[in-house]
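Enquirer: Dropping a prediction and its sequence here:
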Amino acid sequence: MTTAQQPENKVQQARTVAELVDYIQALTTEIQELYCLDEIPWVVGYSGGKDSTATLQLIWNAIAALPQEKRKKTIHVITTDTLVENPVVAVWVRKSLERMRVTAKEQKMPIEPHLLQPEIKETFWVSLIGKGYPTPRGKFRWCTDRLKIHPSNRFIRDVVRVNGEVILVLGTRKAESIKRAISMEKHQAGTLKDRLVSDSSSPTSLLYHSASLPNSLIYSPIEDWRTDEVWIYLNQWQNPWGYSNKDLFIMYRGATADNECPLVVDTSTPSCGDSRFGCWVCTIVSKDKSMEAMIQNDEEKEWMQPLLDIRNELDIKDDWGKRDFRRIWGDVQLFERNKNGEISVEPIPGPYTKYWREHWLRRLLEAQTKTRRTAPENMRDITLITLEEMSEIRRIWLEEKHEFDDSLPRIYQEVTGEEFQDPRPGADYSLLGRDEWIVLEEICEGDAMHLELMAKLLDTERQYRKKTRRVGIYETLEKCFNTSSRSPEDAIKNARLKRELSEAVSQGDVAKVKQMTLGDVAAINEVDEGESDEQVTWASMKFKKENSEE
């Protein structure tokens, strides 16, 4: 099998334009031979960015050059829409997939585009507004798996289940980061011929093992390309499915702070390829530089300012005041906090409170309403949060958090002026509602924990009332008391006592364990030990106390 010549050095040497042309020809042959070698289907990852566009363009052109009778193997093109993508990029990708589907049919190409989305129960807003997850951080990066990895992995596993094996074609490049280069080298699988011969090995790698997906091999045709080479290829080779690579270049330029990308004419010319597009709500990065640049460089994109404002409002490092003092399952967990050199034991903050979850929903609906009025004509149907997501959020608030005041429809109508139409069957039927909640608030007189406990007890009874066998109701009621019967101060104090007891047990401090578990009993024992040699028991203490009172 002919393979494109790979560089021996870890750092890719600069190629002239002529050398790049020769390399692309060799790479085209490599793609054709790999495609025709077996019946294993391909899955191409396409995000609409420069790297994935260049990769798909290479694949498309190579396969299009094959005779019709050899284009037998299906090539799936998958794009994951996280539902919180940069709106400009999201529209770009959707239109690209539509054009791709039509063109593939016209050219009789075995290419099938797929737009994937996360499950409703795992979307960003269901997790943050519904369940109360805090904004993603480096140590709690809950978004990537749910929004990107799970949807694509489900699709890939389905392909593997039908065909037994799959080859993933990705636009990953070693030049992107040192971490990416190390990861790619770590999972080398050898050349395709080496893969078919179990006892052979080769330092040259064509395919990579997937670390998380069984029976999946990764092919990265542009793994050793530099950014400027990607742009040269996109600008000099026509897009085969009829989309404009020049428009893509302009979009990247608009996402650059100075709004300048030099015309790439050779490999010595720098590029604007450092621009990155992603989720507009991302708080992993310090700033959404691409959206900021778009708003700054183009008056027609100023309509995105409400989105940027929400993103910046979410990006608050110390958000403890917005979050519950308990974890999401109701327990108080403590940790040692080092703040300005002072170490203290504090509760780990949990999910956002009811007030702040409702606040984020209101802010999001306000931004959606405003952008639909101010956005260009082609963006007037923008959806920041779907009806299905709001239905799931409402279900979580009602059924899991027992917030039967049912505030979501009210907030929706106040912001949009429209009545909320819940697609979930039976969603609007409930014995408890806003009126009962107001009565509870008056009874509890501002005691938030008392209100929470009463609401949980009442709603638990409501949930079990239609069941023929009310198995589990006592355990559920007991959980309500365990999580909501103490004030925040008492709950935290109790957690501290448990922590101290656990530490005493681990250190073998018997005296402290006795003191913390027996309390006054241990103190009485110590006093009475000097007065009597009789064995002290619970019974003797009880009757002695009664006799002394007589």
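Expert: Ah, there it is.
Enquirer: Report the distance from the helix or strand Asp158 falls within to the chain centre.
Expert: Asp158 is part of helix 150-163 when elements are defined by DSSP states H and E. Counting by CA atoms, centre = their mean, to the nearest Å, helix 150-163 is centred 19 Å from the centre of its parent chain.
Enquirer: any idea where the helices of the stretch 401-550 of the chain begin and end?
Expert: With DSSP state H, counting those that start in this stretch, the ranges of helices along the stretch 401-550 of the chain come out as 407-416, 434-444, 448-464, 473-484, 488-507, 510-518, 520-528, 538-549.
Enquirer: oh, I was asking about the stretch 1-150 of the chain
Expert: Going by DSSP H, counting those that start in this stretch, the stretch 1-150 of the chain shows helices at 17-36, 50-64, 87-106, 124-125, 143-144, 150-163.
Enquirer: hey, least reliable of those by pLDDT?
Expert: In terms of average pLDDT, helix 143-144 trails the rest of the helices of the stretch 1-150 of the chain, at a mean of 89.
Enquirer: closest to Pro376 out of the helices of the stretch 1-150 of the chain?
Expert: Closest to Pro376 of the helices of the stretch 1-150 of the chain, according to CB to CB: helix 87-106, at 10.1 Å. For the C-beta atoms, the positions are set from N, CA and C on the backbone; glycine is no exception.
Enquirer: quick check: angle from that closest one to helix 50-64?
Expert: Helix 87-106 runs at 0 degrees relative to helix 50-64, counting by axes from the mean of the first three to the mean of the last three CA atoms, to 10 degrees.
Enquirer: Now helix 87-106: buried residues?
Expert: For helix 87-106, the neighbour count (16 or more other CB atoms under 10 Å) marks 87-93, 96-97, 100, 103-104 as buried.
Enquirer: Tabulate these in JSON lines, adding columns for distance to Pro134.
Expert: Conversion of the buried residues of helix 87-106 to JSON lines gives the following (distance: CB to CB, whole Å):
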{"residue": "Pro87", "distance to Pro134": "24"}
{"residue": "Val88", "distance to Pro134": "27"}
{"residue": "Val89", "distance to Pro134": "26"}
{"residue": "Ala90", "distance to Pro134": "25"}
{"residue": "Val91", "distance to Pro134": "30"}
{"residue": "Trp92", "distance to Pro134": "31"}
{"residue": "Val93", "distance to Pro134": "29"}
{"residue": "Ser96", "distance to Pro134": "34"}
{"residue": "Leu97", "distance to Pro134": "33"}
{"residue": "Met100", "distance to Pro134": "38"}
{"residue": "Thr103", "distance to Pro134": "44"}
{"residue": "Ala104", "distance to Pro134": "42"}
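Enquirer: Quick check: closest non-adjacent residue to Tyr133.
Expert: Closest residue in space to Tyr133, ignoring its immediate chain neighbours: Ser127 at 4.4 Å, by CB to CB, 6 or more residues apart in numbering.
Enquirer: so where's the stretch 251-400 of the chain uncertain?
Expert: Scanning the stretch 251-400 of the chain for pLDDT under 70 picks out 255-276.
Enquirer: hmm, back to that, how about exporting the helix or strand following the helix holding Asp158 as PDB, limited to the C-alpha atoms?
Expert: Using DSSP H and E, the helix or strand that follows helix 150-163 in sequence is strand 166-169. Output in PDB follows, covering the C-alpha atoms of strand 166-169 (Å, rounded to 0.1, in the frame of the first residue of the first chain):
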ATOM      1  CA  VAL A 166     -15.400   1.200  12.100                       C
ATOM      2  CA  ILE A 167     -12.700   3.600  10.900                       C
ATOM      3  CA  LEU A 168     -13.000   7.100  12.300                       C
ATOM      4  CA  VAL A 169     -11.600   9.800  10.100                       C
END
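Enquirer: For strand 166-169, name the packing helices and strands.
Expert: The contact analysis (3 or more CB pairs under 8 Å, 6 or more residues apart in numbering; DSSP states H and E) places strand 166-169 against strand 42-45, helix 150-163, strand 216-219.
Enquirer: any idea how far Ile443 is from Glu436?
Expert: 11 Å (CB to CB, to the nearest Å).
Enquirer: who has more neighbours, the two?
Expert: Higher neighbour count among Ile443 and Glu436: Glu436, with 16 against 11, using other CB atoms under 10 Å.
Enquirer: Tell me if I'm right that that one and Glu403 touch.
Expert: No. Contact between Glu436 and Glu403 fails when scored by CB atoms under 8 Å: they sit 11.7 Å apart.
Enquirer: Could you check the helix holding Asp158 and say which residues are buried?
Expert: 150-153, 155-156, 159-160.
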